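J.: With the input below, show me the fold.
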Amino acid sequence: MEKNKLLTIKEFAKLSGKSKQAIYKQLNNRLNQYVQLVDNQKMLEYRALSEVYGVEVEQPSQPKLNNPVNQNSTDIQPIIEVLQTTIDTLQNQLEIKDQQIEKLQKELADERTHNREQFDKISILADQAQKLQLAQITSSSEQPLIDDGKSSKKHWWKRKNK
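T.: Here you go, the predicted structure:
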């Protein structure tokens, strides 16, 4: 194993046979020179195991797997097929939703156009109604001013019953 390899506190405690608390207590004392900060995490150099605690740990050699991709691929092939089916289904649903959205946007644009046309017609009708009402008020106020001279008022005592 590399002598400069870094270990987490947990890994170091396990390899040294000590508790994590015991290792943390020694960080500022005996282990201070072996501490390094990596991504805001305290790490200890591997060589501290032998230099401080006298522990020699040999890393067991890992057996080589014969083509691990091929072994795993047969295990995960059904999962891949299910995921691919799910992806295909979701893509079809997405296409359908896109078509629905496009159709609704077209309908909305048509409705807006129709509403503008209706608003224009209502504005014209309201203007015409105002003009008509003004014409009626003007004509009714002018009628009493026309005097043909026949309808003069007489007091009740001057009237004769015929």
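
J.: So residue 20 is in contact with residue 9, correct?
T.: Yes: under the criterion of C-beta atoms under 8 Å, residue 20 makes contact with residue 9 at 5.7 Å. Backbone N, C-alpha and C define where each C-beta goes, glycine included.

J.: Give the residue from those two that has the larger number of neighbours.
T.: residue 9 (18 against 13; other C-beta atoms under 10 Å).

J.: Quick one: residues contacting the more buried one.
T.: 20, 23-24, 42-44 (C-beta atoms under 8 Å, 6 or more residues apart in numbering).

J.: Helices along the protein, start to end?
T.: 9-16, 20-26, 48-52, 68-142 (DSSP state H).

J.: okay, those helices in CSV with mean pLDDT and distance to residue 34 next?
T.: What follows is those, written out as CSV (pLDDT from 0 to 100; distance: least, C-beta to C-beta, whole Å):
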stretch, mean pLDDT, distance to residue 34
helix 9-16, 89, 9
helix 20-26, 89, 10
helix 48-52, 84, 4
helix 68-142, 89, 35
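
J.: If you tally nearby residues, what's the number for the closest residue to residue 38 other than its chain neighbours?
T.: Once flanking residues are discounted, residue 38 sits nearest to residue 6: 6.4 Å by C-beta to C-beta, 6 or more residues apart in numbering. By other C-beta under 10 Å, 17 other residues sit near residue 6.

J.: got the CA positions of stretch 93-104 in CSV?
T.: What follows is stretch 93-104, C-alpha atoms only, in CSV (Å, rounded to 0.1, in the frame of the first residue of the first chain):
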residue,chain,number,x,y,z
GLN,A,93,-46.6,11.1,-23.8
LEU,A,94,-44.5,14.2,-24.1
GLU,A,95,-45.1,14.4,-27.8
ILE,A,96,-48.9,14.0,-27.2
LYS,A,97,-48.7,16.8,-24.6
ASP,A,98,-46.8,19.0,-27.0
GLN,A,99,-49.4,18.6,-29.6
GLN,A,100,-52.2,19.3,-27.1
ILE,A,101,-50.4,22.5,-26.0
GLU,A,102,-50.0,23.6,-29.6
LYS,A,103,-53.7,23.0,-30.3
LEU,A,104,-54.7,24.9,-27.1
